[in-house]
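J.: Give me coordinates for this.
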Amino acid sequence: MERSRHRRELLTRWDDRKLDAYGGYVDRVRSGIFLAVRLYEHRENIRASELPEPDMVADMAEAERFRGQAFEQVMLLGGDDVVEAAHELHGAIRAIDWQATGMTTGTLEEWRELHRVAFRGINEFHEAARVDLGVQGKVSGERHPERDLLLPSARREGDSAST
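T.: Now for the predicted structure:
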């Protein structure tokens with residue numbers, strides 16, 4: 001009975017660490033996306049930033065470092081499906097970073113498609129993490145239809161409101 005109790009305590013402790021690692025990774029992914037959007041919008045003259053571009057690039061580099069640390073925690077603690085979902089998501093995020101910094105080029109619609117792919121990747125990561133943690137239910141499927149990006153309505157000519 002003592003061994004069973006100890007085994008349950010260890011599983012609970014690892015599940016707590018996994019939950020922190022999974023949540024931390026997604027938080028770092030989302031933070032990086034926010035920084036990439038800010039830089040991309042500035043570079044493409046969609047929305048000016050008060051920060052100089054070199055500062056935004058430095059912020060993105062720091063965010064990538066933290067995201068890399070969070071990614072490594074997922075690699076150490078995650079089950080096979082979680083690790084694979086993290087690899088897929090990591091690739092999608094790198095594509096966003098590359099277009100934001102100008103390493104790759106593309107249209108605004110291609111930029112938005114990179115974000116759609118990334119957010120689908122986040123959902124797939126969530127699904128894999130939930131299964132790994134034994135959480136019932138899903139974040140996608142029939143009961144949760146796929147949602148598109150939340151975008152502001154197009155500006156009308158003469159409208160001075162920023163997007």
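
J.: Could you report the neighbour count for L35?
T.: Look at L35: counted by other Cβ atoms under 10 Å, it has 21 neighbours. (Glycine included, C-beta is placed from N, CA and C.)

J.: so it sits right up against D59, yeah?
T.: Yes - counting by Cβ atoms under 8 Å, D59 is a contact partner of L35 at 5.3 Å.

J.: Tell me which residue is most central in the chain.
T.: V29 (3.2 Å; Cα atoms, centre = their mean).

J.: pLDDT weak spots in the chain?
T.: Under the criterion pLDDT under 70, the flagged ranges of the chain are 5-12, 140-163.

J.: tell me which element the residue nearest to the centre of the chain is part of?
T.: Assessed by DSSP states H and E, V29 sits inside helix 2-43.

J.: and that helix, what does it pack onto?
T.: helix 53-77, helix 80-101, helix 108-133 (3 or more Cβ pairs under 8 Å, 6 or more residues apart in numbering; DSSP states H and E).

J.: buried stuff in the longest one?
T.: The neighbour-count criterion (16 or more other Cβ atoms under 10 Å) identifies 111, 114-115, 117-119, 121-130, 132 as the buried residues of helix 108-133.

J.: do the second one as well
T.: Neighbour counts using 16+ other Cβ under 10 Å place 82-83, 85-86, 88-90, 92-97, 99-101 of helix 80-101 among the buried residues.
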